[in-house]
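just the structure for this:
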Amino acid sequence: MNDSTYMLPASCSSVRYLSARSAKSYQTYMVEVSDSVALLPGDGVLAVGSDKELIHVIIGYPRHDASGKKRAAGGLKYIRKLAPTDVERLEENQRKQDAAVILCKEQVRAIRLPIHLVNCELSFSGKQYVFYFTAETRVDFRALVSTLSRSLKAKVQMWQIGSRDETRFFATVGMCGRELCCNCFLKEIKPVSLKCARVQNLSLNPNKITGVCGKLMCCLRYETYEYADASGLDVKKKPKEGATQ
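Below you'll find the model as predicted:
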């Protein structure tokens, strides 16, 4: 692509939709951006959602949709590139996050809560902390939330995640040499069964079909249905476009 800013022709639409991911969490979004704004993949920008809260996201690649349907599905609206004052606030937020992680770990040890803290995200405004954790079973963390809220003087949420989601926090590459699918574009991680590998006649060696997260690689799903159709195997079909489930 010759145009390094990935600008769409003005005749296509007055806006374009760029994929983006949260600078701190694994969440991905579609950001509505005017065609007059030049952005590059990797640019840090501020965007706003339906709750009017500013969010720091990292721009990805363009997804053009003139109908605007993607904006309605939890998308964001571009506000501006990061200004020097925004960078200062983000640095201050990072210091607060680091302190909050230390505090949370101390409280978890104090009350012997069986959880593993993965990450912490402070909203751009500094009004809300979100702590991500993994646990073997469901955990009653109400006492922990109450203690953290009083100490941090902010709203606190605890989100339990799985091992696949935990991996999304830490950008890395898979055995294919590319950035992990879950970290760069997958919005939803769907279950993957060993049948996906069998249908494609792939090796069942765990070292070859297991991802960084320790689970079967998400990409095993990509061509499963095509291989099944070609070989006449009975695999549950993908729902047709526009069909209700």
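
just the helices in the protein please.
With DSSP state H as the criterion, the chain has helices at 69-72, 84-111, 142-152, 163-168, 181-184, 195-199, 206-209, 224-231.

to Ser50, which of those helices lies closest?
Nearest to Ser50 among the helices of the chain is helix 69-72; the distance by CB to CB comes to 9.8 Å. (Each C-beta comes from the backbone N, C-alpha and C, glycine too.)

what is the mean pLDDT for the closest one?
Helix 69-72 shows an average pLDDT of 44 in the prediction.

ok, back up a step: got a markdown table for the helices of the chain, with distance to Leu54 and mean neighbour count too?
Rendered in a markdown table, the data for the helices of the chain read as follows (distance: least, CB to CB, whole Å; neighbours: other CB atoms under 10 Å):
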| stretch | distance to Leu54 | mean neighbour count |
| --- | --- | --- |
| helix 69-72 | 17 | 14 |
| helix 84-111 | 9 | 14 |
| helix 142-152 | 19 | 15 |
| helix 163-168 | 22 | 20 |
| helix 181-184 | 23 | 19 |
| helix 195-199 | 40 | 18 |
| helix 206-209 | 41 | 12 |
| helix 224-231 | 40 | 14 |
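
relative to Cys218, which of the ones you listed is closest?
If you check each of the helices of the chain against Cys218 by CB to CB, helix 181-184 wins as the nearest, at 5.2 Å.

which helix or strand in the protein has the lowest average pLDDT?
helix 69-72 (a mean of 44; mean pLDDT, DSSP states H and E).

and the protein, what are its domains?
Per the record's domain assignment (automatic domain parsing), the chain is made up of the domains 15-81, 87-163, 190-236.

Met175: which of these is closest?
Comparison of the domains of the chain against Met175 by CB to CB identifies domain 190-236 as nearest, at 7.8 Å.

tell me how far that closest one lies from the chain's centre.
Taking CA atoms, centre = their mean, to the nearest Å, one finds the center of domain 190-236 at 23 Å from the center of the full chain.

and the domains of the chain as JSON lines, adding distance to Gly174?
Below are the domains of the chain laid out as JSON lines (distance: least, CB to CB, whole Å):
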{"stretch": "domain 15-81", "distance to Gly174": "16"}
{"stretch": "domain 87-163", "distance to Gly174": "15"}
{"stretch": "domain 190-236", "distance to Gly174": "6"}
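
out of the ones you listed, flag the one nearest Thr172.
Between Thr172 and the domains of the chain, the tightest spacing by CB to CB is seen for domain 190-236, at 6.0 Å.

Val173 is nearest to which of the domains of the chain?
Ranking these by proximity to Val173 (CB to CB) places domain 190-236 first, at 8.6 Å.

now the helices of the chain in a markdown table, with distance to Leu122?
Written out in a markdown table, the entries for the helices of the chain read as follows (distance: least, CB to CB, whole Å):
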| stretch | distance to Leu122 |
| --- | --- |
| helix 69-72 | 26 |
| helix 84-111 | 5 |
| helix 142-152 | 9 |
| helix 163-168 | 18 |
| helix 181-184 | 21 |
| helix 195-199 | 38 |
| helix 206-209 | 37 |
| helix 224-231 | 40 |
